[in-house]
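Undergrad: Provided below for reference: sequence and predicted model.
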Amino acid sequence: MDRVSSSMRQAANPLPRVLSRRAGGSGPEAERESFERAQTVSINKAINTQEVAVKEKHARTCILGTHHEKGAQTFWSVVNRLPLSGNAVLCWKFCHVFHKLLRDGHSNVLKDSVRYKNELSDMSRMWGHLSEGYGQLCSIYLKLLRTKMEFHTKNPRFPGNLQMSDRQLDEAGENDVNNFFQLTVEMFDYLECELNLFQTVFSSLDMSRSVSVTAAGQCRLAPLIQVILDCSHLYDYTVKLLFKLHSCLPADTLQGHRDRFLEQFRKLKDLFYRSSNLQYFKRLIQIPQLPENPPNFLRASALSEHISPVVVIPAEASSPDSEPITDLVEMETASQSLFDNKFDDIFGSSFSSDPFNFNSQNGMNKDDKDWLIEQLYREIGALKEELESFKAESERRGLQLRGRISELEAELAEQRHLKQQALDDSEFLRTELEELKKQREDTEKAQRSLTEIERRAQANEQRYSKLKEKYSELVQNHADLLRKNAEVTKQVTVARQAQGDVEREKKELEDSFQRVSEQSQRKSQEQAEVLETLKQELAASKQELQVLQGTLETTIQVGAEQNTRIAGLEQERDSLSHAAEQRSKEMAALQAELQQLRDALSSEKESSRKERETLQTQLQDKESAERTLQQRRAEEQFALLQGSAREAERMVQDALSRLEDPAHISCTGSADYLLSRTSAASECIERLQDAHSKYLTNRTDVSTVLPCVALFAHLISDTILQGSATSHMAPMEPADRLLETCKQCGSEAISYLSSLQDPGSVASANCTAVTNCLHRISAIGEELRPRGLDVEQEELGDLVDKEMAATSAAIETAAARIEEMLSKARAGDTGVKLEVNERILGSCTGLMQAIQVLVLASKDLQREIVESGRGAASPKEFYAKNSRWTEGLISASKAVGWGATVMVDAADLVVQGKGKFEELMVCSHEIAASTAQLVAASKVKADKDSSNLSKLQQASRGVNQATAGVVASTKSGKSQIEEKDSMDFSSMTLTQIKRQEMDSQVRVLELENQLQKERQKLGELRKKHYELAGVAEGWEEDGTD
């Protein structure tokens, strides 16, 4: 009673202020201000911290407000100022009101509420940490509201109250079995959330007590009315969709759907049964009962047996706060008063005032009196039976009338909804018609652009004809412009390219014109068909709207008749209310009992307050423990990051140390592969930066950083090693710059990984320096990529002579260095080492002499080829005419000179004891291959019977024999050195010999594995070298020509 009086005082105060404001101002601003104030008052009264059910009048005001402003902006502006995260009861009542708005509010409520979906999810997770009280209820209710918004967003045809006809349900699935299948799954998920809230509310109540009559129990049970309304519709639509799916798909495919439906059917039936037994629901809602057995979807005829569950809300339930309370005492008083009135009518008031005063009846004896008394008793009994039957009939008719009124109101609401939906459909059709008009305008624009393209194509054809005429003039004047042959050749090449471009552009324009024309025709046909369909649907909607208006008028007439009947019943109720005044004395006793109950309630509130304080203390302890766990987890995750960064740093340090390893000096690589490694490393750095930023926002999750750190170390190490290998094949200056940049890149990577290991510098760790180093490596790699001879064709003749002269000079320089090394070896070495060095350097000297003879023979043969093939042209013009052959000749001579220089460097290292014999053998083989390339390049245009060709072939065989001599002398020298350094096993024990044997076996297996890998690597390198050499020397173009 205190809460009721306080709420009445709160509701009575704002009204005069609103009226005064409305009277003082005029216009839209004043109306808007008064509307916002009224909505704010209603929302604050509906959503408060009192543990009582939301009053229907306040919720109804909120719903009408959304229809007034066609949205929920005012609602959310007020709710955002409420502390929903601080009070569970407040959040629970907010969920109840928001659920009502989604069901009965304006259709734009969903659009205005979608933007707050993430905030609702965060609030749900926050309340989910509380396992008792309203916390868990709020978490589940917020999940349900999020699911409801997602369902209506994906399926906009479904209204908020889920009331749809069978035809509208078919239209929602667009008559596509895949859409029906997906829609059924979404309805299962939706119904699952509803059932979870249902079960959680029941499990939170103490069913051993009459919780439905207490304010706290009604606060928890009130939102279930909305849940019951949703569940009835979802169950009905799920049954119909499953029957439709079973008619289109095999039964085995839908086994999962049937199992899930049976589980939800059992839960829903049990919850409906338990709800119907609660006193709170009996006066607010008529809950339907589901059938005993679930529908048999394998039998198609079972659909006719399905009865859609209908939830009826009586008229009195619309305002439960103002509902009069009727108890058995008042009914008994009314019946007694009615009996007294009828007794007076039959026997008179004097007889009824003293029915047993027999002194005034002098003419009657004792037997007559007994008979009269018995007769009176019988009449009294008959009158009581008649009164009971009259009361039962009156109650039955009252219930029938109330049920009929509820049905008529439901039908009226449905008709209004159908009318609104028809208006929305017509608006939607009008919007689609405007879009079709816009598409037609776009099509016309595309056609105009096609016309412009055709005009450009004609201009290109005219340009082509002009170029063709110009080419004819150039052919006629060819004899006069022979000295400018190179320039004319360039112009002809440009003209041919332009011709090919024009033809290719013409074909592309024709193809694009044909595609655009086909698309425009197809779109125009589709637009005409869609327009015709929309017109037909609009006409059908108008007819249906007329039918609905006629039905609405009939419904209004029936409602008027029912109002007449209700007026009669109200008169009868007024006659009965007079009898209630006689029981006013009994109310005093009831008030005393109510005072006792208030005292008991206050004591119970005190105990609840203490219990709440205890729970808050436990919650604070739990939050502190959770913070401790999160901190510990962050430390563990950072330890994982430190370990990964430490291992990555070791990997990069190992790559840097391998740069100084002598075994790595023989490794070579291509610039293209180096560029691919740097590109992959740059992409990895970008991913690592993104993962690092995510880790800084949430330090309890390093799952994205660890793989990126490992991949970063691997790619940086690979880039460093590939850069060093590429520098072995590069000229001196780029090689030094590339090697220095690789080392700097490794140092920057190590410093970055070190900063990741320090808790103080992990936030400021930046790998921009590593990215800059990779960019510099890529630039150097671009410089080292093999390119064709980027020289003018007039300079090819000079370049051939220069390269042949440079090759001869390189060979002479190599021979001089070998003589110098031989003199140094004779002066400083003795014994076996002197013998080995003399033999190796002597064979190298013989190889250089053989290469020198080969180069001279190649020059003579080239001179003969030029003299025999140039005719009246000069040697430079001959080389320009045969540019591809000239480029191959230049490449071969370069390879011979480079091989001689590398072999001399390897021989120098071997003589000094710093190199390997294998490097010398490999260099000799490379020289043999280069000379074979030079012979092949010279042999292409030579005459078969030429004497110079025979000399060149003889010189090539001499080079091969000299190469074999170098290899043989190197192998023999290596064997002599190894025999000199052989081990002595005479002083070793049996255990030591066994251990050395096992170590030797392990070493043999490792060397075999390395040999196999190196052979595979050699094959890939040769394949890549062949491809690069083919691109550089134009083999593919020669083949196509």
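TA: Arrived safely, thanks for sending.

Undergrad: Run the chain-centre distance for the helix or strand that contains Ile840.
TA: Assessed by DSSP states H and E, Ile840 sits inside helix 831-869. Averaged C-alpha coordinates place helix 831-869 at 68 Å from its chain's average position (Cα atoms, centre = their mean, to the nearest Å).

Undergrad: Just name whatever secondary elements it is in contact with.
TA: On a contact count with 3 or more Cβ pairs under 8 Å, 6 or more residues apart in numbering; DSSP states H and E, helix 831-869 meets helix 796-828, helix 875-881, helix 883-912, helix 917-939, helix 947-980. C-beta: built from backbone N, CA, C; applies to glycine.

Undergrad: quick check: mean pLDDT across it?
TA: Model confidence over helix 831-869, given as mean pLDDT, is 73.

Undergrad: And for stretch 1016-1026?
TA: For stretch 1016-1026, the mean pLDDT works out to 78.

Undergrad: for it, which positions count as buried?
TA: Within stretch 1016-1026, no residue counts as buried by 16 or more other Cβ atoms under 10 Å.

Undergrad: Now do it: everything it contacts.
TA: By Cβ atoms under 8 Å, 6 or more residues apart in numbering, the residues outside stretch 1016-1026 that reach it are 668, 670, 672-673.

Undergrad: for stretch 104-111, same thing?
TA: With contacts defined as Cβ under 8 Å, 6+ apart, stretch 104-111 is touched by 62-63, 66-67, 70-72, 75, 101-102, 149, 152-153, 159-161, 424.

Undergrad: How about the secondary structure of Ala749?
TA: When the structure is split into helix, strand and coil by DSSP: H, G, I helix; E, B strand; the rest coil, Ala749 lands in helix.

Undergrad: and it, how far is that from Cys773?
TA: Distance of Ala749 to Cys773, computed by Cβ to Cβ, to the nearest Å: 8 Å.

Undergrad: And Asn460, by the same measure?
TA: To Cys773, Asn460 is 48 Å away according to Cβ to Cβ.

Undergrad: Pick out whichever of the two has more residues nearby.
TA: The residue with the greater number of neighbours, taking Asn460 and Cys773 and applying other Cβ atoms under 10 Å, is Cys773; the counts read 25 against 16.

Undergrad: so that one touches Glu740, yeah?
TA: No. Taking Cβ atoms under 8 Å as the contact criterion, Cys773 and Glu740 are not neighbours in contact, 10.2 Å apart.

Undergrad: if we can go back for a sec, and the angle for the helix holding Ile840 with helix 917-939?
TA: Angle between the axes of helix 831-869 and helix 917-939 is 10 degrees (criterion: axes from the mean of the first three to the mean of the last three Cα atoms, to 10 degrees).

Undergrad: which of the residues in helix 831-869 are buried?
TA: Of the residues in helix 831-869, those scored as buried under the neighbour-count criterion (16+ other Cβ under 10 Å) are 833, 836-841, 843-848, 850-855, 857-862, 864-866.

Undergrad: And for stretch 749-765?
TA: In terms of neighbour count (16+ other Cβ under 10 Å), stretch 749-765 has its buried residues at 749-750, 752-753, 755-757, 762, 765.

Undergrad: Which members of those are positioned in strands?
TA: When those are checked against strands (DSSP state E), there are no matches.

Undergrad: Distance to Glu812 and pLDDT for those - can I get that in JSON lines?
TA: Formatted as JSON lines, the buried residues of stretch 749-765 follow (distance: Cβ to Cβ, whole Å; pLDDT from 0 to 100):
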{"residue": "Ala749", "distance to Glu812": "45", "pLDDT": "88"}
{"residue": "Ile750", "distance to Glu812": "47", "pLDDT": "88"}
{"residue": "Tyr752", "distance to Glu812": "50", "pLDDT": "87"}
{"residue": "Leu753", "distance to Glu812": "51", "pLDDT": "86"}
{"residue": "Ser755", "distance to Glu812": "55", "pLDDT": "85"}
{"residue": "Leu756", "distance to Glu812": "56", "pLDDT": "82"}
{"residue": "Gln757", "distance to Glu812": "57", "pLDDT": "83"}
{"residue": "Val762", "distance to Glu812": "61", "pLDDT": "80"}
{"residue": "Ala765", "distance to Glu812": "56", "pLDDT": "82"}
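
Undergrad: Let me have the residues you listed in a markdown table, extended by distance to His129.
TA: As requested, the buried residues of stretch 749-765 are arranged in a markdown table below (distance: Cβ to Cβ, whole Å):
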| residue | distance to His129 |
| --- | --- |
| Ala749 | 42 |
| Ile750 | 43 |
| Tyr752 | 38 |
| Leu753 | 38 |
| Ser755 | 36 |
| Leu756 | 33 |
| Gln757 | 34 |
| Val762 | 29 |
| Ala765 | 34 |
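
Undergrad: now, among those, which is nearest to Ala806?
TA: Within the buried residues of stretch 749-765, the smallest distance to Ala806 is 40.3 Å, found for Ala749 (Cβ to Cβ).

Undergrad: does that closest one really touch Thr771, like I thought?
TA: No. Under the criterion of Cβ under 8 Å, Ala749 makes no contact with Thr771, lying 10.5 Å away.

Undergrad: related to what we said a few turns ago, report the angle between the axes of the helix holding Ile840 and helix 947-980?
TA: Note on geometry: by the same axes, to 10 degrees, helix 831-869 and helix 947-980 are set 160 degrees apart in direction.

Undergrad: Determine the set of other helices and strands touching the helix or strand Arg258 falls within.
TA: When secondary structure is defined by DSSP H and E, Arg258 falls within helix 255-276. Taking 3+ Cβ pairs under 8 Å, 6+ apart as the contact definition, the neighbouring helices and strands of helix 255-276 are helix 177-203, helix 224-246.

Undergrad: Tell me what angle the first one forms with helix 224-246.
TA: Between the direction of helix 177-203 and that of helix 224-246, the angle (the same axes, to 10 degrees) works out to 150 degrees.

Undergrad: How about helix 177-203, which residues are buried there?
TA: Going by 16+ other Cβ under 10 Å, helix 177-203 has these buried residues: 180-181, 183-184, 187-188, 190-195, 197-198, 201-202.

Undergrad: just how off-centre is whichever helix or strand comes after it within its chain?
TA: Following helix 177-203 in sequence order, the next helix or strand is helix 215-221 (DSSP H and E). Its chain's average C-alpha position is 41 Å from that of helix 215-221, according to Cα atoms, centre = their mean.
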